[in-house]
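**Q** Dropping the sequence and predicted coords here.
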Amino acid sequence: MSATPPTPQPRQGQAPAPLARVEFHLQFIRSFADPTFDAVRGALVQVEEVAWKNYQDGRKAPVTQKAGPGFADPDYELSVEWLATRDRLLAAEARQKDPATPSRVLLICGAARNDGSCPGEISKTWRMTQWAKEVLQADAIEADVLDLSLLTSSYDLHIHPCKGCVSTAMPLCHWPCSCYPNHGERQTNDWMAEIYERWTAAHAVIILTPVYWYQTPGVLKLMIDRLVCADGGNPDPTSTHGKKAVEAKALELQGWNYPKHLAGRAYGLVVHGDVAGIEGVRRGLSDWLDWMGLVDAGAKSRLDRYIGYYDSYAQSHEALDRDTDMQQEVRNVARAVAQAVKQLRAGTLTPPDAALQAPRPK
């Protein structure tokens, strides 16, 4: 038996120095440039002083409690916010596996456009999402609509970017993500805590998205990146004592099983564009979902189509009105996923290669 290799030391030297007091002030005060805040400038000065001290002290998780039984280090202080998210995920997983609960499909509208922000008009993706919702509900399946365009139109709502912990060591990437909130750096109101729960509660997922510059929209990509913890993530942050990179590297080198926390759920895809890129985006999404262990609902569940090819943007909704064939194809994606959910819950949805052992577990 070969010996465990020595634990590599983290490479460092990229991060800039912390903000000095003047730069911190300039960053902080930008959120209050509206003259209506002038009447409370004195109070803002007080708030800024507290925020400055919290930034200096690195108060990422200001409220913690001992992890307790079931963790590698029961005495380690964990964020109460992370623990609350974990408890909701455990409850959602239990509901999802309970045969007495209703079937549920998570419909993800990946467009950034809605009529509550600058575009002033709903997205075509939103319309397609509603068609899929109608099909599922007619089949007595709960349809949970996750509209990612709310990131562009809601007050102080965020999906903060993935910090890439997994690339340092897989066990450093916690399930659910523990990188946020970071109160000391004002990285709060992170939507992913709720989104993890909604993925976990679902028996299937349908992602509907336009193509933005040959890629998925930024709102969708933010969510995708933050779901890396669902594929191999560490459910016990005490095993790495938070973000101790050396401990995480050593733990991975001892042998990590890369748990797939969302595996076995079914999926469907609708990708649309107007000029180019639909096939590449659809393939990329399929590959990602396959990698995470989700099961596609058949060829008709993976759709890519152009709407109004090279026509004007101004008349794109009218082009969709005319394309009744695509309207039915979108509905067929939902119908295929509905059938997959029924097989999944009956225990008959099994990929032919399910019993094969992967020689590369990562």
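**A** Ah, there it is.
**Q** What ranges does the stretch 151-300 of the chain have for its strands?
**A** Secondary structure of the stretch 151-300 of the chain (DSSP state E, counting those that start in this stretch): strands at 204-210, 266-273, 295-296.
**Q** Can I get the ones you listed in TSV including distance to residue 282, mean neighbour count and mean pLDDT?
**A** From N, CA and C alone the C-beta is placed, and that goes for glycine too. Below are these laid out as TSV (distance: least, Cβ to Cβ, whole Å; neighbours: other Cβ atoms under 10 Å; pLDDT from 0 to 100):
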stretch	distance to residue 282	mean neighbour count	mean pLDDT
strand 204-210	9	27	98
strand 266-273	4	26	98
strand 295-296	11	20	96
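**Q** export the ones you listed to a markdown table and tack on distance to residue 133?
**A** Converted to a markdown table, the strands of the stretch 151-300 of the chain look like this (distance: least, Cβ to Cβ, whole Å):
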| stretch | distance to residue 133 |
| --- | --- |
| strand 204-210 | 9 |
| strand 266-273 | 12 |
| strand 295-296 | 20 |
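**Q** Geometric centre of this structure: which residue is closest?
**A** By Cα atoms, centre = their mean, the chain has its centre lying nearest to residue 223, at 3.1 Å.
**Q** Can you tell me the closest non-neighbouring residue to that one?
**A** Nearest non-adjacent residue to residue 223, counting by Cβ to Cβ, 6 or more residues apart in numbering: residue 159, 5.7 Å away.
**Q** For burial, what's the neighbour tally of that neighbour?
**A** 22 (other Cβ atoms under 10 Å).
**Q** and the gap between it and residue 116?
**A** In this structure, residue 159 lies at 18 Å from residue 116, with Cβ to Cβ, to the nearest Å as the measure.
**Q** cool, and residue 219?
**A** For residue 219, the distance to residue 116 - Cβ to Cβ - is 14 Å.
**Q** can you give me the helices for the chain?
**A** Remark: helices assigned in the chain by DSSP state H are 21-29, 41-57, 80-97, 124-138, 150-153, 192-201, 218-226, 245-253, 278-291, 316-322, 324-346.
**Q** on that earlier part again, OK, contacts around the residue nearest to residue 223?
**A** For residue 159, the residues meeting the contact criterion (Cβ atoms under 8 Å, 6 or more residues apart in numbering) are 148, 151, 190-192, 195, 219, 222-223, 226.
**Q** Please report the distance of it from residue 314.
**A** 30 Å.
**Q** swap in residue 161?
**A** 33 Å.
**Q** if I pick the residue nearest to the centre of the chain, what's in contact with it?
**A** Residue 223 touches 108, 148, 159, 192, 195, counting by Cβ under 8 Å, 6+ apart.
**Q** with the residues you listed in mind, which one is nearest to residue 172?
**A** residue 192 (17.0 Å; Cβ to Cβ).
**Q** neighbours around the residue nearest to the closest one when sequence neighbours are not counted, how many?
**A** Sequence neighbours aside, residue 226 is the residue nearest to residue 192 in space, at 4.9 Å (criterion: Cβ to Cβ, 6+ apart). By other Cβ under 10 Å, the residues close to residue 226 number 23.
**Q** List the residues that contact residue 226.
**A** 159-162, 177, 192, 195.
**Q** Is it possible to get a markdown table of those residues that adds pLDDT?
**A** A markdown table is the format used below for these (pLDDT from 0 to 100):
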| residue | pLDDT |
| --- | --- |
| 159 | 98 |
| 160 | 98 |
| 161 | 98 |
| 162 | 98 |
| 177 | 98 |
| 192 | 98 |
| 195 | 98 |
